[in-house]
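Turn this into a structure:
(2 chains)
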Amino acid sequence: MVSLISSAHDINNSRQFFLHHRLESSNSVGELKQIHAFIIKKGSPQFQIRLLHDKIKSLVESSSCNENLTYACSLTKHLQNTHLFNSIIQCLSASNSKTNSREAISLYREMLIQGLLPNTYTLPYVLKACAKSRSLTVGQQIHAHSLKTALLSNVYVFNTLMRLYAVCGTIEAVHKLFHFQPGSRRDLVSWTTLIQAYVKIGYPKVAILSFFDMCQASLRPDGMTLVIVLSACSKLADLNLAIKIHRYILDNNLNTDVFVDNALVGMYLKCGRTHFACKVFDEMPIKNVVSWNSMITGLVRQGKFKEALDKFRRMQAIGLKPDDVTFVGVLNSCANLGLLELGKWVHAYMDKNDIRADGFIGNALVDMYAKCGSIDQAFRVFQGMKCRDVYSYTAMIVGLAIHGEAQKALEVFSEMSRVGIEPSEVTFVGVLSACSHAGLVEEGCKHFDDMSKVYNLKPQTAHYSCMVDLFGRAGLISEAVELVKYMPLVPDAFAWGALLGACKIHGKVELAEIAVKKLVKIEPEREGAYILMSNVYSSAYRWKEAMKLRKIMKERKLKKTPGCSSVEVDGEVHEFRKGDKSHPKSIEIYKLLEEITNHSKNIFTSAPFEG
DNA sequence: GTAGGGTTAG
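Here you go, the predicted structure:
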């Protein structure tokens, strides 16, 4: 067949154009085969490959149809050409399917079996497939081929091999490979891959040091490098470093990329500098959905939920379509502000736009309904989820525990174990607080023990506090005291608060006095401990001490957390604090409030059965 | 014909 092809004359230009057009519009493999047969008769192998490349690409992309893929692969048997193998391996490794990546690796094997040698294009393609399918062992074999064939001296081969080791988490291999390669053979991509490997593995400091080394080696970073460097700064949350890198970017005119600006916004928010982030954000010449998401999620992380929702509203006002990341931020804000209506609106939007309540967004929806008091709706969403992970189960368990539905929370926990999802530390906070509220001492103790024995999780202060609460509520005061005394971590305000709460229920005045002293030491500014203690005195009819404590509170001018309420009108949140007159309609609001008060007074002071 | 990029949870 090869001799037949090589002896044929090439097709003229107009015919080439015609064939190209026919190939593009052909939808069936049958038709493709006919056209291909014609090309085999009339064209050179190079022409066939060039012409077939795009078609192969679309065949691979629609490889849900096996016939297409089989046909594309069968071409390699007839043509036995490195370029064609490269084309198909490239197409297969470009797709996100693991099956296609594995198919790419098999084709590489087939190529070697046919006696063809890989070139500088083959190895980057097949290494990309190895990285996508996390095929480290095959990658190591290809590493050996690259040494044997001297292809490792090619910078593309070298970089993709480094990337393979990086995504497989073998940082030592990345480090070794990079430092054994002569400096002249390393380019910006090599450095970027190295820096990214350090960030991914959790060494942001080493990543930054490598970036400085790169600058020392007189390489100028581009947008891609900077995005990774900025993400390392974010992880370190080091403001001084952040400012230094930002200045470097400005001085060198490197912020010409929306990706870099987004990373800057995210970095400043991670460092807790909202106004810096806003400044970068406001001055961005181009903003995309990720820019808005960075802003929204950054504000949510800082607990600035109202501001996050303001940003969401502005994003809507300019007509930018939100995506699932946006909604996770919005749902999170709703959960923390108790905005059920807005949360419901997001859910309706999701239904309307075929966004499935799964993954991140499904979990955020469960959490929102649970925190906004709609525990039944949270449960319905949870049950409707196709795949539930540790986050879904935890959100559900914690939600049920908050609502006092201990039994149901424990049932969900058993289901979680049954389906083989490993719980996390947070799951146990939910489980233990459920036990505590339901007075299930034995069960609580068992779960607490299981944490370390079965699940290899180290109990944290929050778990000890739950146990103190569990013992305290059940009246097992000495067990609660023992735990506070001998716990391996320093008891926090929750632990002492739980003990104080138990003292109030069970009238333990002396012990309460010890607990309150500790509590005041930890939180001297807050009035909660004093109020609780004064209640302990009152419950024991020790009025004098109770009065004395209230006097001390007055003298120390303790900060009272102002009562705060919020209402949601047409999706906008209005917050009110005691004595707060910052609302734009404050005058009208207070006027109406006075009218309502007077009206109520009139009702209550007027004689019964009158009007 | 080739390699490296950002935002998401309990």
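
use CA for all of it now, contacts and neighbours both
OK.

now the helix ranked longest in chain A: how far from the chain's centre is it?
Among the segments of chain A that qualify as a helix by DSSP state H, the longest is helix A:586-605. Taking the mean of its C-alpha atoms, helix A:586-605 sits 48 Å from the chain's own mean (Cα atoms, centre = their mean, to the nearest Å).

what's next to it, contact-wise?
Helix A:586-605 is contacted by no other residue when judged by Cα atoms under 8 Å, 6 or more residues apart in numbering.

Show me which positions of it end up buried.
Within helix A:586-605, no residue is scored as buried using 16 or more other Cα atoms under 10 Å.

Show the average pLDDT along it.
For helix A:586-605, the mean pLDDT works out to 72.

burial count for A:Tyr464?
Residues contacting A:Tyr464 under the criterion other Cα atoms under 10 Å number 24.

need the contact list for it.
Counting by Cα under 8 Å, 6+ apart, A:Tyr464 makes contact with A:483-484, A:487, A:495.

Repeat the analysis, applying 10 Å as the threshold.
By Cα atoms under 10 Å, 6 or more residues apart in numbering, A:Tyr464 lies in contact with A:429, A:432, A:448, A:470, A:480, A:483-484, A:487-489, A:491-492, A:494-495.

swap in A:Arg473?
Contacts of A:Arg473 (Cα under 10 Å, 6+ apart): A:436-439, A:441, A:467, A:480, A:498-499, A:501-506.

Check A:Cys372 too.
Contacts of A:Cys372 (Cα under 10 Å, 6+ apart): A:334-341, A:343, A:366, A:378, A:399.

picking up where we left off before, farthest pair in the contacts of A:Arg473?
Greatest spatial distance among the contacts of A:Arg473 (Cα to Cα): A:Val441 and A:Lys504, at 19.3 Å.

Out of these two, name the residue with the larger neighbour count.
Neighbours were counted for A:Val441 and for A:Lys504 using other Cα under 10 Å; A:Lys504 has more, 24 against 18.

Look at the nearest residue to the more buried one once chain neighbours are set aside and say how many residues are nearby.
Closest residue to A:Lys504 apart from its sequence neighbours, by Cα to Cα, 6 or more residues apart in numbering: A:Val536 at 4.9 Å. Residues lying near A:Val536 (other Cα under 10 Å) number 28.

before we move on, the earlier item: out of the contacts of A:Tyr464, which one sits closest to DNA strand B?
Of all the contacts of A:Tyr464, A:Val429 has the smallest distance to DNA strand B: 9.0 Å, by Cα to the nearest atom of the strand.

ok now do that closest one, which residues does it touch?
By Cα under 10 Å, 6+ apart, the contact list for A:Val429 reads A:394, A:397-398, A:401, A:448, A:459-460, A:462-467.

give me that answer again for 8 Å
By Cα under 8 Å, 6+ apart, the contact list for A:Val429 reads A:398, A:462-463, A:466.

among those, which are in reach of DNA strand B?
Among the contacts of A:Val429, proximity to DNA strand B is found for A:Val398 (Cα under 7 Å from any atom of the strand).

who in the stretch 151-300 of chain A is up against DNA strand B?
Near DNA strand B, when you scan the stretch 151-300 of chain A using Cα under 7 Å from any atom of the strand, you find A:155-157, A:159-160, A:163, A:187-190, A:192-193, A:221-228, A:231, A:257-260, A:262-263, A:266, A:288-291, A:293-294, A:297-298.

burial count for the residue nearest to A:Gln90 when sequence neighbours are not counted?
Spatial nearest neighbour of A:Gln90, excluding adjacent residues (Cα to Cα, 6+ apart): A:Tyr125 at 5.2 Å. A:Tyr125: 26 surrounding residues under other Cα under 10 Å.

just the buried members of the contacts of A:Tyr464?
Buried by 16+ other Cα under 10 Å: A:429, A:432, A:448, A:470, A:480, A:483-484, A:491-492, A:494-495, out of these.

Restricted to helices, list the residues you listed.
Among the buried ones among the contacts of A:Tyr464, the members found in helices (DSSP H) are A:429, A:432, A:448, A:470, A:480, A:483-484, A:494-495.

export the one helix or strand A:Val426 maps to as PDB, just CAs?
Using DSSP states H and E, A:Val426 maps to helix A:425-438. Output of helix A:425-438 as PDB, limited to C-alpha atoms (Å, rounded to 0.1, in the frame of the first residue of the first chain):
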ATOM      1  CA  GLU A 425     -12.600  16.200  62.200                       C
ATOM      2  CA  VAL A 426     -15.600  18.500  61.400                       C
ATOM      3  CA  THR A 427     -17.900  15.500  60.900                       C
ATOM      4  CA  PHE A 428     -17.100  14.500  64.500                       C
ATOM      5  CA  VAL A 429     -17.900  18.000  65.800                       C
ATOM      6  CA  GLY A 430     -21.400  17.300  64.400                       C
ATOM      7  CA  VAL A 431     -21.600  13.800  65.700                       C
ATOM      8  CA  LEU A 432     -20.500  14.700  69.200                       C
ATOM      9  CA  SER A 433     -22.700  17.700  69.500                       C
ATOM     10  CA  ALA A 434     -25.600  15.600  68.400                       C
ATOM     11  CA  CYS A 435     -24.800  13.100  71.200                       C
ATOM     12  CA  SER A 436     -24.400  16.000  73.700                       C
ATOM     13  CA  HIS A 437     -27.900  17.500  72.900                       C
ATOM     14  CA  ALA A 438     -29.600  14.100  73.000                       C
END
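
how far does that helix sit from the chain's center?
With Cα atoms, centre = their mean, you get 24 Å for helix A:425-438.

re the thing from before, among the contacts of A:Cys372, who's most crowded?
Ranked by the number of neighbours (other Cα under 10 Å), these place A:Val366 first, at 32 neighbours.

for it, phi and psi?
phi -60, psi -50 (degrees, to the nearest 10).

contacting residues for it?
Contacts for A:Val366 (Cα under 8 Å, 6+ apart) come out as A:377-379, A:381-382, A:392, A:395-396.

Quick test: name the residue nearest the centre of chain A.
A:Phe360 (7.4 Å; Cα atoms, centre = their mean).

For the stretch 301-450 of chain A, which residues are neighbours of DNA strand B?
Going by Cα under 7 Å from any atom of the strand, the residues of the stretch 301-450 of chain A near DNA strand B are A:301, A:324-326, A:328-329, A:332, A:359-361, A:363-364, A:367, A:389-392, A:394-395, A:398, A:423-427.

Let's see that with 6 Å instead.
Taking Cα under 6 Å from any atom of the strand as the test, the list of the stretch 301-450 of chain A residues beside DNA strand B reads A:324-325, A:328, A:332, A:359-361, A:363-364, A:367, A:390-391, A:394-395, A:398, A:423-424, A:426-427.

So how do I select the buried members of the residues you listed in PyMOL?
This is the PyMOL syntax for the buried subset of these, where burial follows 16+ other Cα under 10 Å:
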select buried, chain A and resi 324+325+328+332+359+361+363+364+367+390+391+394+395+398+423+426+427
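
Just the residues of the stretch 301-450 of chain A next to DNA strand B: which are in helices?
When those are checked against helices (DSSP H), the matches are A:324-325, A:328, A:332, A:359-361, A:363-364, A:367, A:390-391, A:394-395, A:398, A:426-427.

if we can go back for a sec, ranking by neighbours, what's the top pick from the contacts of A:Val366?
A:Met396 (28 neighbours).

chain center to the strand or helix carrying A:Lys244: distance?
Element membership of A:Lys244 [criterion: DSSP H and E] is helix A:239-251. From the chain centre to the centre of helix A:239-251 is a distance of 26 Å (Cα atoms, centre = their mean).

Enumerate the positions of it that are buried.
By neighbour count on 16+ other Cα under 10 Å, the buried set for helix A:239-251 is A:239, A:242-243, A:245-246, A:249.

Spit out the contact partners of the residue lying closest to A:Gly399 once chain neighbours are set aside.
Using Cα to Cα, 6+ apart and skipping the chain neighbours, the partner closest in space to A:Gly399 is A:Ala370 (5.0 Å). Going by Cα under 8 Å, 6+ apart, A:Ala370 touches A:335, A:377-378, A:396, A:399-400.
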